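Undergrad: no FASTA, just this:
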């Protein structure tokens with residue numbers, strides 16, 4: 001029997017200065033993806049997008065890609081931000097399902113297996129961090145941003161900022177991304193008629209490296225972007241054809 005060469009899933013991870021997390025993250029992702037039944041008959045891919053790292057992450061990512069055929073590394077020529085890094089990985093991916101996860105080890109790779117069954121019913125499956133293991137500033141800014149966003153968008157999503165999400169490919173082919181729009185994936189998907197759900201996932205304190213987000217670039221930028229998203233919601237094209 002011929003084994004299909006087309007990946008059934010692509011895991012996309014934006015990386016900015018996460019050197020000490022990369023080896024355990026890669027090992028965890030390989031273990032999880034190998035354990036899934038579909039991986040017995042079809043390949044998967046893990047795509048790291050190096051977003052202008054300067055701490056040695058770039059070189060380590062290249063070594064990991066050389067050691068593991070499932071791993072690919074893309075290097076951006078400078079730091080562009082998370083939305084650009086995700087977009088680059090999405091466009092290079094070939095899987096029918098695209099898993100997005102951060103490189104800080106604050107999500108558990110095994111929770112990918114909790115989200116995957118829901119892709120049979122939903123177009124986007126979002127992680128929901130019921131218990132946050134972040135600093136006070138990060139918790140407050142996320143809580144405020146989520147409440148304000150929900151007030152305006154009415155999307156009903158509790159934790160739009162959770163990095164762990166799984167998309168069916170048509171979603172990412174339909175959504176046009178702009179700077180900062182990674183914070184609004186569920187809203188954008190719902191806006192275009194796709195189905196979205198949330199699944200509780202685990203969350204851990206950061207052990208290595210430092211957070212790239214604070215009150216200024218998490219709260220105020222997301223509130224500014226909310227204006228653009230709200231405008232898109234009121235202007236999105238929606239139409240159907242009548243029967244002959």
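TA: Received the coordinates, thanks. Not measured: the values here are computed from a predicted model. Numbering: from 1, shown residues only.

Undergrad: So which residue is dead centre in the protein?
TA: Against the mean C-alpha coordinate of the chain, by C-alpha atoms, centre = their mean, the closest residue is residue 100 at 2.9 Å.

Undergrad: Would you mind confirming that residue 18 makes contact with residue 104?
TA: Yes. If you go by C-beta atoms under 8 Å, residue 18 and residue 104 touch, sitting 6.2 Å apart. Heads up, the C-betas are built off the backbone N, CA and C, glycines and all.

Undergrad: which one of those two has more residues nearby?
TA: Per other C-beta atoms under 10 Å, whichever of residue 18 and residue 104 has more neighbours is residue 18, with 27 against 22.

Undergrad: Quick check: phi and psi on the nearest residue to the more buried one once chain neighbours are set aside?
TA: Once flanking residues are discounted, residue 18 sits nearest to residue 103: 4.1 Å by C-beta to C-beta, 6 or more residues apart in numbering. Dihedral angles of residue 103 (phi, psi; degrees, to the nearest 10) stand at phi -100, psi 20.

Undergrad: Tell me who's in contact with residue 103.
TA: The neighbourhood of residue 103, defined by C-beta atoms under 8 Å, 6 or more residues apart in numbering, consists of 13, 14, 15, 16, 18, 21, 22, 25, 48.

Undergrad: Pull out the buried members of these.
TA: 13, 14, 15, 16, 18, 21, 22, 25, 48 (16 or more other C-beta atoms under 10 Å).

Undergrad: any chance of the contacts of residue 103 in a markdown table, plus pLDDT and secondary structure?
TA: Shown next, in a markdown table, are the contacts of residue 103 (pLDDT from 0 to 100; DSSP: H, G, I helix; E, B strand; the rest coil):
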| residue | pLDDT | secondary structure |
| --- | --- | --- |
| 13 | 98 | strand |
| 14 | 97 | strand |
| 15 | 97 | strand |
| 16 | 96 | coil |
| 18 | 96 | coil |
| 21 | 97 | helix |
| 22 | 98 | helix |
| 25 | 98 | helix |
| 48 | 98 | strand |
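
Undergrad: Return the closest of the residues you listed with respect to residue 166.
TA: residue 13 (13.4 Å; C-beta to C-beta).

Undergrad: Can you show me the strands along this structure?
TA: Counting by DSSP state E, the chain has strands at residues 9-15, 44-50, 71-75, 97-100, 124-129, 165-168, 196-201.

Undergrad: Turn those strands into TSV, columns for distance to residue 85.
TA: Listed next are the strands of the chain as TSV, based on distance: least, C-beta to C-beta, whole Å:
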stretch	distance to residue 85
strand 9-15	4
strand 44-50	4
strand 71-75	8
strand 97-100	10
strand 124-129	18
strand 165-168	14
strand 196-201	21
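
Undergrad: Indicate which one of the ones you listed is closest to residue 82.
TA: With C-beta to C-beta as the yardstick, what comes closest out of the strands of the chain is strand 9-15 (5.3 Å).
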